[in-house]
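what follows is a predicted structure for the sequence shown.
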Amino acid sequence: MNTAARSRYFFNVRSDARYERDPLGLLLPDIDAAITAALYGGLVSVRQRTSSRRRPRQLCEITDATGEVVAVVPVE
């Protein structure tokens, strides 16, 4: 059983036109794991796009349980 401490990180998406708050977040071991999750999520999002039109630049703001932004990851 893994007893390592984990923290909850939230992945909020911001673009010029909108802001989507992540209500659930993920329990992860550290900020590096949270950044990796954001990068992977952005890669999956890009690959799932079927439209060829350019989308506005989006940012994934990673926040901790207190709401403090701990990292920002571009999602292109």
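Arrived safely, thanks for sending.

wait, is Ala5 part of a helix?
No. Using DSSP: H, G, I helix; E, B strand; the rest coil, the secondary structure at Ala5 is coil, not a helix.

the most centrally placed residue in the chain - nearest residue in space that isn't next to it in sequence?
In the chain, the centroid-proximal residue (CA atoms, centre = their mean) is Phe11; its distance is 3.4 Å. Once flanking residues are discounted, Phe11 sits nearest to Asp22: 4.7 Å by CB to CB, 6 or more residues apart in numbering. The way it works is simple: take the backbone N, C-alpha and C, and place the C-beta from them, glycine included.

mind listing the helices for the chain?
For the chain, the helices defined by DSSP state H cover 31-48.

name the helix or strand of it that has the lowest mean pLDDT.
Scoring the helices and strands of the chain by mean pLDDT, DSSP states H and E places helix 31-48 at the bottom, with a mean of 75.

returning to what we had before: what's the burial count for the residue nearest to Phe11?
Residues lying near Asp22 (other CB atoms under 10 Å) number 15.

let me see the contact set for the closest residue to Tyr9 other than its chain neighbours.
Spatial nearest neighbour of Tyr9, chain neighbours left out: Ala34 (4.0 Å); criterion: CB to CB, 6+ apart. For Ala34, the contacting residues are 9, 11, 26, 28, 62, 70-71, by CB atoms under 8 Å, 6 or more residues apart in numbering.

switch to 10 Å and redo it
7-11, 25-26, 28, 60, 62-64, 70-71, 73 (CB atoms under 10 Å, 6 or more residues apart in numbering).

now list the buried members of those residues.
7, 9-11, 25-26, 28, 60, 62-64, 71, 73 (16 or more other CB atoms under 10 Å).

out of these, which sit inside strands?
Among those, the ones falling in strands (DSSP state E) are 7, 9-11, 26, 28, 60, 62-63, 71, 73.

with these in mind, which one is nearest to Leu39?
Among these, Val73 lies closest to Leu39 (CB to CB), at 6.1 Å.

if I look at the residue nearest to Phe11, what pLDDT would I see?
Here, the pLDDT recorded for Asp22 equals 91.
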